[in-house]
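Q: model the structure of this input:
(2 chains)
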Amino acid sequence: MGEIFRRIRYLINRRRFDAELESDMEFHREMAARAGHSNFGNTLRMREQAREAWGWTWLDRLVQDLSYAARMLARSPGFTLLAVLVLAIGIGINVAAFTVFDVVALEPLPVRDPGSLVRLERRSPNAYTDGAPYTSLLFYQRNAKTLSAVMGVMGVPPMQVDDDIQQASASFITPNYFTELGTPAALGRLLDPTRDGDAGDAPSVVLSYGFWQRRFGGDASVVGRIIHIDKKPATVIGVLPYAFASLGGQRPDLWMPILQQPYFVEGSHMLLDPGDSAVRMWGRLAPGVSAKAARPELRALTDELRRQHPKDIWDKEFISISPGGHMQVMQPEMYRVAAMVAVLALLILAVACANLGSLMLARAVTREREIGIRVAIGANRGRIFRQLCTESLLLAMLGALAGLALGSAVIKIVLTKLDAPKWASAAPDWRVLLFTVAVMLAAAIFFGLMPALQIARQRQRKTIARQILVSAQVAASCVLLIIAGLLVRATEHALYNDPGFGYQQMLSIDPHLGRHGYAPAAAQAYFEQMQARLRATPGVLSISLVKLPPLGHEVDRETTEIDGHKVLIYPNWIEPGFFHTMNIPILLGRTFYPREKNAVIVSQSFALKQWPRQNPIGQRLGDDDATKSIVVGVAGNAHINALSDDDATEQYWSAQPDDMPEMVVLARTVGALDSLPPIAKSISESLDPKISPEIRQLKVLYHDNISGIEKTAMAVSLIGIVAVLVAGIGIIGLVAFTVSQRIKEIAIRMALGAGKAQLLTAVLRQFVWPVAIGIAVGAGIAAAASRVLRTALYGVSNLDPASYIMAIFVMMAILCLAALLPARRALRLDLAKTLHYD
Amino acid sequence: MLILRVLQSGSLHGYALAQRIHVLSSEVLAVEEGLLYPTLQKMLVKGWVTAEWGTSETNRKVRFYRLTPEGRKHLKCELSEYDRVTQAIQNILRTA
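A: Numbers count the residues shown, from 1 in each chain, chains lettered A, B, ... in the order given. This next block holds a predicted model:
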């Protein structure tokens, strides 16, 4: 311990210590001279040896190396600028990608004690769902000792505020939601268990900050005002803060206590229904309890719940506990997407580094003389190697700083464009900074190591290293371009191809009868009337009912295995006229009779997979004999709830009377779509004034869905082009360099009568093989990696030849241009001058 | 080790140290400058000696090196170690 202090003291008082040593040695020499000895030695060397004992020589050398490196970089500003730019792009993109991941998954929400928040979901080996029944939530809340609190959020379709045409998004929450999160109120007060914990309390609503600004103009007097939500009066008790962080990233405009849901949604039994999994559950672990300790207790409680309500709890169901203190609760599929994005970002870094590496190799040759002199004077090869590494490190540091700035700027733009929650900031936190340092070191090693080794060992003549680097760049750029190509094709496909059902002129009308407590018979009557009156409306071609509407809020999905492959099935419950209304062809067999039991219609894709060479009609489906259904028809593929996944399959069952409260009306129209919604609304009002159906145009939903992939395609294309340009710059540099190296040889050849083609071949031949190998490797990697993208490609195969060919073509075009530009210089040589110049 | 032992009887400056060793060993051992000062520096790092300013016989300001308690402890260890090794060598030479 004391030793370290002494060493540090030396560092601070270095000059004094050195002076003291010098005086000692001088004195020693004086005395020795007086006594007649002349035992001198190399004074300087001895002083250096003495100084080494303090152990700070490495620091001295580092400072020397850094200042030398800085001078060298300053001497060639063009190279330095280019290198920093290339690095900034490579590192910046990685920093941006990681920051997004950090904000979404790593950074804890700015709420009270986020580490103990957990997300509770119902799971079983064969099923999982988003939410749980309110009755279950109460049960767990009352009995779970390992949880200090249980919160619930229920999202509902948009509700009408006063007489506005534009509806507002809304959620119902347990009264402890805001108090658990410790959210401060920007105005008034927020929901709390003491004042809003009973169903009999006065109906209250909390506004989001944005809604308060937009709808009420930021008027402070709104607190205490009574507004009407879906025609029910409620008091505004407060406003949420600007930078509000909610669990799960939801941002509704209106927040109401869940116990008052039956008041706002008249007739709803949701709070009492043990089968309606509508509420998303979060919890807070009791102090000192870990998630692992809580699991067995929750399991026991689930079993107890099954004893009380055997029909509503699945076999082997358990409550999964996952960390809830982040913006997004990570599902396994999201990790895959994140991994893919990470790989793409690293690819760009690879291109940048390979580029830089070859530039540095080229530059190394120009420093031959300097290194040669140093070696001749007696420099240690290790020392030279270390110094070159320091240069790379300095360059990497500059690049990292620029990259950090660039990445943060990009993130800032992205966050504002995506309208992200206001508490997410673009400023880098310690995790991002640590990541940047790691990437910087990786980059420095990647592009600095090989050239440094080569130079230090003075073996630059071999071009193998350069060729490998060119290959690497070409391969990485190729992968990026191919993936970009696939995404572009997918976008095209999505926009111009038939998704298997008609969406252009379709409306979905969802009255949410179940929410309003309708019994099946009443629902049946409602729909019969609604359908009859809609049919009588001019412009309506066809009406039908479906349980899970196309592009709707709810999706049901099953996974099964056929022949060892995972197959996704999207089941649905329909009325027989569904196929006609949706323009889905029946390829074999027939549609249902009304309320037909034990019959199923499968999609063509499912039939082909399950019964490859047999007639699907008459086949049986189902595990146990009680629920076996016979296939009565095969319908064309229509991925109404999985637009982008071409491998999805559908199964349809005929709607039974019990399904009626959940059904949604589908209407196919002709002519202007805008005229129908008000008519439907008035029909519904005349049937039952407390129902306000949600009316959506499928066309709009479809385009929203596609815009996602459009944006991704654009982004990846941009990145791909940038990557190719960077590779192109690298090629330009290398070819120019080769030309300048071999200028004498070229001049001689020209003088001897070589033609242009021969000269070009001579110069460019060394690049042909690396580029070819790079393209091959890139295409191979892209083919393997793009399997992951299959579910997002809207039916384009991941081996789509058009994309591959297009990508390779673009790549070769840019590379040829990059190679020919400097090579042309070789053809315009002034022979006499070149040959004379030495 | 020798330097430490010599310093045990009192603090000396560098030249005197070298002279002492030379004299006490009947001119068999001579410590050169190139060995002395680096070693003294290492001992300063390890904290076995400290350096204080004083005046030499020739009225010149010079640093005197003094043994510290840690240095004394280390000296004891080294001496006992040396004894042990010497004994072992003696045994072999006598009896082998």
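Q: show me which residues of chain A sit near chain B.
A: Counting by Cβ under 8 Å from any Cβ of the partner chain, chain A comes close to chain B at A:2-3, A:6-7, A:10, A:20-21, A:23-25, A:27-32, A:39-41, A:45-46, A:49-55. Just so you know, the C-beta spots here come from the backbone N, C-alpha and C atoms, and that holds for glycine as well.
Q: apply 10 Å and report the result again.
A: With Cβ under 10 Å from any Cβ of the partner chain as the criterion, chain A meets chain B at residues A:1-7, A:10, A:17, A:20-21, A:23-32, A:34-35, A:37, A:39-43, A:45-55.
Q: just the buried ones among those, please.
A: Among the residues of chain A next to chain B, those scoring as buried are A:6, A:10, A:17, A:21, A:24-25, A:27-29, A:31-32, A:46-47, A:49-51, A:53-54 (criterion: 16 or more other Cβ atoms under 10 Å in any protein chain shown).
Q: can you show me the strands along chain B?
A: Assignment of strands within chain B using DSSP state E yields the ranges B:12-13, B:49-55, B:61-67.
Q: switch those strands over to a markdown table; also include mean pLDDT and mean neighbour count.
A: Listed next are the strands of chain B as a markdown table, based on pLDDT from 0 to 100; neighbours: other Cβ atoms under 10 Å in any protein chain shown:
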| stretch | mean pLDDT | mean neighbour count |
| --- | --- | --- |
| strand B:12-13 | 78 | 20 |
| strand B:49-55 | 83 | 15 |
| strand B:61-67 | 82 | 19 |
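Q: which among those strands is found nearest to chain A?
A: Closest to chain A of these, according to Cβ to the nearest Cβ: strand B:61-67, at 4.8 Å.
Q: does chain A have contacts with that closest one?
A: Yes. Contact check for strand B:61-67 against chain A, using Cβ under 10 Å from any Cβ: residues in range are B:61, B:62, B:63, B:65.
Q: off-centre distance for that strand?
A: A distance of 13 Å separates the C-alpha centroid of strand B:61-67 from that of its chain, computed with Cα atoms, centre = their mean, to the nearest Å.
Q: and what of stretch A:59-69?
A: Stretch A:59-69 has its average C-alpha position 41 Å from the chain's average C-alpha position, going by Cα atoms, centre = their mean.
Q: list the buried residues for that stretch?
A: Using 16+ other Cβ under 10 Å, the residues of stretch A:59-69 that count as buried are A:65, A:66, A:69.
Q: now intersect these with the helices, please.
A: When DSSP state H is applied, these are split such that A:65, A:66, A:69 fall in helices.
Q: out of those, the closest to residue A:115 would be?
A: When these are compared for distance to residue A:115 (Cβ to Cβ), residue A:66 wins out at 41.0 Å.
Q: show the pLDDT at that closest one.
A: We note a pLDDT of 89 for residue A:66 in this prediction.
Q: cool, and the one 4 residues further on?
A: Model confidence at residue A:70, given as pLDDT, is 89.
Q: and residue B:93, how many neighbours does it have?
A: For residue B:93, the tally of surrounding residues (other Cβ atoms under 10 Å in any protein chain shown) stands at 8.
Q: again but with residue A:768, I slipped
A: Residue A:768 has 11 neighbouring residues, counting by other Cβ under 10 Å.
Q: closest to residue A:818 out of the residues of strand B:61-67 next to chain A?
A: Of all these, residue A:818 sits closest to residue B:63, with 67.1 Å by Cβ to Cβ.
Q: got the end-to-end distance for stretch A:663-679?
A: Stretch A:663-679 has its terminal residues 19 Å apart, counting by Cα to Cα, to the nearest Å.
Q: centre of the chain to stretch A:144-160, how far?
A: Per Cα atoms, centre = their mean, the displacement of stretch A:144-160 from the mean C-alpha position of its chain is 26 Å.
Q: revised request: answer the last question for stretch A:288-299.
A: 31 Å.
Q: show me how far stretch A:338-353 is from its chain's centre.
A: A distance of 13 Å separates the C-alpha centroid of stretch A:338-353 from that of its chain, computed with Cα atoms, centre = their mean.
Q: which parts of the stretch 51-200 of chain A are helices?
A: Shown for the stretch 51-200 of chain A, the helices assigned by DSSP state H, counting those that start in this stretch span residues A:57-75, A:77-101, A:134-143, A:177-181, A:193-196.
Q: does anything pack onto the last one? Which helices or strands?
A: This points to helix A:193-196. For helix A:193-196, the packing partners by 3 or more Cβ pairs under 10 Å, 6 or more residues apart in numbering or on different chains; DSSP states H and E come out as helix A:177-181, strand A:204-207, strand A:254-257.
Q: give me the three-state assignment for residue A:676.
A: Residue A:676 carries the three-state label helix when classified by DSSP: H, G, I helix; E, B strand; the rest coil.
Q: would you confirm that it contacts residue A:509?
A: Yes. In this structure, residue A:676 is within contact of residue A:509 by Cβ atoms under 10 Å, at 8.9 Å.
Q: so for these two, which residues contact both of them?
A: A:534, A:667, A:695 (Cβ atoms under 10 Å, 6 or more residues apart in numbering or on different chains).
Q: beta partners for the second one?
A: Looking back up the chat, that one is residue A:667. Residues in a beta bridge with residue A:667, per DSSP bridges, are residue A:507, residue A:543.
Q: one more: the last one?
A: On the basis of DSSP bridges, residue A:695 takes part in beta bridges with residue A:509.
Q: quick one: it from residue A:675, how far?
A: Between residue A:695 and residue A:675 the distance, using Cβ to Cβ, to the nearest Å, works out to 12 Å.
Q: ok, the two, which is more surrounded?
A: Between residue A:695 and residue A:675, counted using other Cβ under 10 Å, the more crowded position is residue A:695 (18 against 12).
Q: can you map out the strands along the stretch 251-400 of chain A?
A: Assigned strands in the stretch 251-400 of chain A, in chain order: A:254-257, A:280-285, A:318-323 (criterion: DSSP state E, counting those that start in this stretch).
Q: residue A:787 - how many residues pack around it?
A: 10.
Q: could you give the angle of the longest helix along chain B to strand B:61-67?
A: With residue count as the measure and DSSP H as the assignment, chain B has helix B:69-95 as its longest helix. Between the direction of helix B:69-95 and that of strand B:61-67, the angle (axes from the mean of the first three to the mean of the last three Cα atoms, to 10 degrees) works out to 60 degrees.
Q: contacts (any at all) between chain A and helix B:69-95?
A: Yes. Using Cβ under 10 Å from any Cβ, we find that helix B:69-95 touches chain A at residue B:70.
Q: what residues sit buried inside stretch A:124-143?
A: Residues of stretch A:124-143 classed as buried: A:131, A:132, A:133, A:134, A:135, A:136, A:137, A:139, A:140, A:141 (neighbour count, 16+ other Cβ under 10 Å).
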